[in-house]
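Trainee: quick check, what structure comes out for this input:
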Amino acid sequence: MDIRAELPPGDGWLVDAVRRGNRWSLWRDRVFAVTVAALGVVVFILVPDLRDVDLAVALVASGGFVLVAVRQQPRLSADAAPRFVRTEPSLVEIGEVTIRQTFLSARAEYTWAAFDRVSDTPAMWILHVGTRQALYLPKSAFGTGDRERLAVFLAGLSTYLATARVGATAR
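Mentor: Residues are numbered from 1 along each chain as shown. Predicted structure coming up:
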């Protein structure tokens, strides 16, 4: 398999990629924030003692703060990406053994064994390297034939990685 695609600078699509890549943790954090705020409201309603108003206000404010922070997290993560990821176009070369992303000022190359899992969203594939790093591949950057071949290959890789993860935890 020899697939090449040119990716635009990440600033336009990177925030969405981070949001999609972290959707489950963002959802979990939102549930936590709403639960904390709701607990504050319950304390305020059910406990008439004025000393507990401070606790209720603190819980509601904390829940609100976490909700705002969770909403800003994808933009902050994208802003924390290296400058070249945000501002330079890149060339992605996908082969049988490796995947290489070349920017004007940097290059990254991974073997397929480096990835922990593959997420397939409607707009992109997200190849996870650990919990804090990922390689984002917007589907729109690939031609129809390449997109179909890559989809089949990444589905097989995803199955392989899931099986390897289950086998590793069983030991």
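
Trainee: pretty sure Glu6 is touching Ala141, no?
Mentor: Yes - if you go by CB atoms under 8 Å, Glu6 and Ala141 touch, sitting 6.6 Å apart. C-beta: built from backbone N, CA, C; applies to glycine.

Trainee: hey, what's in contact with both of these two?
Mentor: Common contact partners of Glu6 and Ala141 (CB atoms under 8 Å, 6 or more residues apart in numbering): Val92.

Trainee: more crowded one of those two?
Mentor: Higher neighbour count among Glu6 and Ala141: Ala141, with 17 against 10, using other CB atoms under 10 Å.

Trainee: nearest spatial neighbour of that one, chain-adjacent residues omitted?
Mentor: Leaving aside its sequence neighbours, Ala141 sits nearest to Ala5 (CB to CB, 6 or more residues apart in numbering; 4.3 Å).

Trainee: surely that neighbour is within a strand?
Mentor: Yes - the assignment for Ala5 (DSSP: H, G, I helix; E, B strand; the rest coil) places it in a strand.

Trainee: can you pull the pLDDT of it?
Mentor: Per-residue confidence for Ala5 comes out at a pLDDT of 91.
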